[in-house]
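**Q** Below are the sequence and a predicted model; questions follow.
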Amino acid sequence: MRSVLDFIGGLDFALIIVVLTALAGIIVALDALVLRGVRRGKAARGEPVREPIAVEYARSFFPVLLIVLVIRSFLFEPFRIPSGSMTPTLLTGDFIFVNKFAYGLRLPVINTKIVELGEPRRGDVVVFRLPADPRVNYVKRVIGLPGDVVEYHPSNKRITINGKLVPIEMVAGPYKEEPGTELGWEVLDEHRHRVLLTPGAPLSPGGEYVVPAGHYFMMGDNRDNSEDGRYRDEVGFVPEGNLVGRATGVWMNWRRPSEGGPQWNRIGTGIE
């Protein structure tokens, strides 16, 4: 899953906004310390004075850039869901807000944590940078914490954590929005959320996953249609440093007419 503003022309948006903010700030500071005095001197001598265009633009855009940088880096960041791997919790075309401070404050671009504020819990829906390619963002649910032993059993599509079977309560009848699938309520600790199972689907990878220290094991809610921690080479365990934040809510759903069009009832939907 890629961020709404993740790349511009192949460049990281976070880097672009940091560079632009710094450049505008330098120009404003240089004007305040040096250039403004030069202009005053010229004005006192009766010489024509005009504020440089670069200074004018920098003074106008610096506050806006700074606000965007602070909000995007430390508070909230928007993302768009391009696939159905988290159905039924998140649907294709959902635009979500991600809480950037839920798991600590990090410096933009270098992602160094500067303030500890919290840690992921089982059941959290998390956006993270793909370990194999940090330029790509994924969204999945936290299933295993550091030190957990997670087992996935493809034959019955059930999860075992530290020897305990994770409860699933199946909902009677098929899931209408996705023909051929079944809906269930899964319980991770005190967290209850929906999962989608597809009877007869090709078996997903299974086995035992021992979560290393400082890592997390993620899975999609659409269990038979999600590339997640079960795929060791593609995703595997997610390092703590790759966490972007916790998904908190849907603020828009926009899909092309060929995909069914927008779903206005998704606006304001919380994330289980």
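**A** Yep, it's here.
**Q** And Ile17, which helix or strand is it part of?
**A** Element membership of Ile17 [criterion: DSSP states H and E] is helix 13-30.
**Q** avg pLDDT for that helix?
**A** For helix 13-30, mean pLDDT rounds to 93.
**Q** Repeat that for stretch 144-163.
**A** Mean predicted lDDT for stretch 144-163 stands at 96.
**Q** Ok, stretch 36-44 next?
**A** 83.
**Q** Grab the CA positions of it and hand them over as PDB.
**A** The C-alpha trace of stretch 36-44 is given here as PDB (Å, rounded to 0.1, in the frame of the first residue of the first chain):
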ATOM      1  CA  ARG A  36      16.500  43.600   4.800                       C
ATOM      2  CA  GLY A  37      19.200  45.900   6.100                       C
ATOM      3  CA  VAL A  38      20.700  46.300   2.700                       C
ATOM      4  CA  ARG A  39      17.300  47.300   1.300                       C
ATOM      5  CA  ARG A  40      16.800  49.800   4.100                       C
ATOM      6  CA  GLY A  41      20.200  51.400   3.300                       C
ATOM      7  CA  LYS A  42      19.300  51.700  -0.300                       C
ATOM      8  CA  ALA A  43      15.900  53.300   0.600                       C
ATOM      9  CA  ALA A  44      17.700  55.800   2.900                       C
END
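**Q** how about it: buried residues?
**A** Arg39 (16 or more other C-beta atoms under 10 Å). For the C-beta atoms, the positions are set from N, CA and C on the backbone; glycine is no exception.
**Q** next one: stretch 210-223
**A** Judged by neighbour count using 16+ other C-beta under 10 Å, the buried positions of stretch 210-223 are 211, 215-223.
**Q** got these as a markdown table, with distance to Leu145 and secondary structure columns?
**A** As requested, the buried residues of stretch 210-223 are exported to a markdown table (distance: C-beta to C-beta, whole Å; DSSP: H, G, I helix; E, B strand; the rest coil):
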| residue | distance to Leu145 | secondary structure |
| --- | --- | --- |
| Val211 | 7 | coil |
| His215 | 9 | strand |
| Tyr216 | 7 | strand |
| Phe217 | 8 | strand |
| Met218 | 11 | strand |
| Met219 | 13 | strand |
| Gly220 | 18 | coil |
| Asp221 | 18 | coil |
| Asn222 | 22 | strand |
| Arg223 | 19 | coil |
